[in-house]
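Trainee: whatever this is, show me its structure:
(chains A, B, C and D)
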Number of protein chains: 2
Amino acid sequence: MARVSSAERRAALVRAALRVIDRDGVHGATTRAIVAEAEMSLASFHYAFRSRDEMIRELIAFVVQDEQRVSLEALDRDADIRSAVRAGLQAYFDLLKAHPSREQAMQELVQYSLRTPGLEALPLAQYASYFHTARVLLERGAELTGMEWTMPIEQLARILIAITDGLTIAWLADRDDVAAGRLMDFAADTIGALAVEMPLAVGMPLAVRNADAR
Amino acid sequence: MARVSSAERRAALVRAALRVIDRDGVHGATTRAIVAEAEMSLASFHYAFRSRDEMIRELIAFVVQDEQRVSLEALDRDADIRSAVRAGLQAYFDLLKAHPSREQAMQELVQYSLRTPGLEALPLAQYASYFHTARVLLERGAELTGMEWTMPIEQLARILIAITDGLTIAWLADRDDVAAGRLMDFAADTIGALAVEMPLAVGMPLAVRNADAR
DNA sequence: ACGCGACTGGGACGAGTGACCCAGAGAGAG
DNA sequence: CTCTCTCTGGGTCACTCGTCCCAGTCGCGT
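Mentor: Got it, this is the predicted structure:
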């Protein structure tokens, strides 16, 4: 094995652990499975990390940051807010269909953290990040379509995350694409109905504003 | 240990396993932990069950049946459908607050089954049962308040379950009672708005037509 | 070029794990 | 009462787990 810095090794181990978790679940992410995936020796693991939990902690931080990045990139700019929300949900759902075990792993990580002494605080941060991301998405979506929300955006963000989570679990259980589609339709209709046209600013017609919003 | 029938022993072990899972999670439900909780010997476990997985299988069947019973008993008969839905959600949320780890365990069981060869089909049955229960609750709720649903009840049931699951995960992560309350308010408003007064009718043509529409 | 210290590989340890086995206890049938 | 068959207790097996140790190695600064 080539000699690399401890920091690089930590990152490589976290990436390898993610692949293992994706494939075999959190339970299957043993130190041996991880170092095998990373093609390292067991000793390298404990040279880079004090313990497995320390690695899990770093892994969760990485995942949270990564999810935030991905979903912010996926923001769609559709004609109306209802379509924008629907497209956003569809984008997530396509991701779920493409990598079901990855999304399942995210939920497993929450469960695992909640059960593991010393890691109880991580889910709080994880969900704070989710809510923040949802909030940013909703804000940008409204901005791009010239609308504004009639409900505090924190509440909207929580609704969106709840529906996304619920959609995920149910779909993982029964893989019913049609039902998932209907659920997303409903969510988009409902959330879309909570936006109203932004009052016209002085000297700024709607068409212009829409054009600028790109 | 007293001599009891194999069937009783199976039931006792399942109940003990549920207590262990409630306390320590699915991961902590080892055969030894379960027999210790049930105050039996390890041999009794493998006399009653061929394997741990066989016990888990029976446990999930028991849990699904039990949840259905409990939620059907909790049906409230409030003045209007919106309040009825809100009260139902609150009843569930109170249960969640009283036994957080039990609801977490239910989700862990889904994740575990999805990851365990031979148990992949169980979540499908579990969610079919959830949807059925939600459906019955919605039907009875509408009936008691003299309303009828303007959306196919299967879709409504899935919405209700999704929101409940999403509510559960988020609350388990951040324990924000106020936000959970607002989410339930929103769900009740939204779902309540999908019911209309049942037309008084000799022979009730609309209701009959709706019933046929299945 | 060379020594030092960061890094690696293989092996080992102790605690658990699910599964299994067998001698024997004891309740119920005859 | 005695026989039979279900059920029990304790012990054991093979295996996996996280963690640790130590001899050796190789890059880097001097």
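
Trainee: tally of neighbours for residue A:111?
Mentor: Residues near residue A:111, counting by other CB atoms under 10 Å in any protein chain shown, number 23. (C-beta placed from N, C-alpha, C; glycine too.)

Trainee: how about it, nearest residue that isn't a chain neighbour?
Mentor: Ranked by CB to CB, 6 or more residues apart in numbering or on different chains and with sequence neighbours excluded, the top spatial neighbour of residue A:111 is residue B:108, at 5.3 Å.

Trainee: over to residue A:52?
Mentor: Nearest non-adjacent residue to residue A:52 (CB to CB, 6+ apart): residue A:31, at 5.6 Å.

Trainee: I figured residue A:96 hits residue A:104, correct?
Mentor: No: at 9.2 Å, residue A:96 does not count as touching residue A:104 under the criterion of CB atoms under 8 Å.

Trainee: tell me which of the two has more neighbours.
Mentor: residue A:104 (22 against 18).

Trainee: contacts for the strand or helix carrying that one, please.
Mentor: Assigned by DSSP states H and E, residue A:104 belongs to helix A:100-115. Helix A:100-115 has contacts (CB atoms under 8 Å, 6 or more residues apart in numbering or on different chains) with A:18, A:21-23, A:25-27, A:56, A:59-60, A:63, A:67, A:95-96, A:119-120, A:122-123, A:126, A:165, A:168-169, A:172, B:24-25, B:27-28, B:104, B:107-108, B:111, B:114-115, B:169, B:172-173.

Trainee: filter these down to the buried ones, PyMOL style.
Mentor: In PyMOL syntax, the buried subset of the contacts of helix A:100-115 is picked out as below (16 or more other CB atoms under 10 Å in any protein chain shown):
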select buried, (chain A and resi 18+21+22+25+26+56+59+60+63+67+96+119+122+123+126+165+168+169+172) or (chain B and resi 24+25+104+107+108+111+114+115+169+172+173)
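
Trainee: what about DNA strand C: which of the contacts of helix A:100-115 touch it?
Mentor: The residues of the contacts of helix A:100-115 that also fall near DNA strand C, by CB under 7 Å from any atom of the strand, are residue B:28.

Trainee: show me the contacts of helix A:100-115 that map onto helices.
Mentor: Among these, the subset assigned to helices under DSSP state H consists of A:18, A:21-23, A:56, A:59-60, A:63, A:67, A:95-96, A:122-123, A:126, A:165, A:168-169, A:172, B:24, B:104, B:107-108, B:111, B:114-115, B:169, B:172-173.

Trainee: what sits against the residue nearest to residue A:131 when sequence neighbours are not counted?
Mentor: Take residue A:131 and drop its neighbours on the chain: the residue closest to it by CB to CB, 6+ apart is residue A:157, 4.8 Å away. Residues in contact with residue A:157, defined by CB under 8 Å, 6+ apart, are A:131, A:132, A:134, A:135, A:138.

Trainee: got phi/psi on the residue nearest to residue A:52?
Mentor: phi -60, psi -40 (degrees, to the nearest 10).

Trainee: surely it meets residue A:51?
Mentor: No: Residue A:31 is beyond contact range of residue A:51, at 9.3 Å (criterion: CB under 8 Å).

Trainee: of the two, who's got more company?
Mentor: Neighbour totals were compared for residue A:31 and residue A:51, and residue A:31 leads with 16 against 11 (other CB under 10 Å).

Trainee: list the contacts of stretch A:91-98.
Mentor: Contact partners of stretch A:91-98, identified using CB under 8 Å, 6+ apart, comprise A:70-71, A:74, A:76, A:103, A:164, A:167-168, A:171, A:177, A:180-181, A:184.

Trainee: which of those residues count as buried?
Mentor: Of these, these count as buried by 16+ other CB under 10 Å: A:71, A:76, A:103, A:164, A:167, A:168, A:171, A:180, A:184.

Trainee: wait, is the last one part of a strand?
Mentor: Spelled out, that is residue A:184. No: under the criterion used here (DSSP: H, G, I helix; E, B strand; the rest coil), residue A:184 is helix, not part of a strand.

Trainee: got the contact list for the closest residue to it other than its chain neighbours?
Mentor: In space, residue A:184 comes closest to residue A:89 once its chain neighbours are excluded; the distance is 4.3 Å by CB to CB, 6+ apart. Contact analysis of residue A:89 by CB under 8 Å, 6+ apart lists A:163, A:164, A:167, A:184, A:187, A:188.
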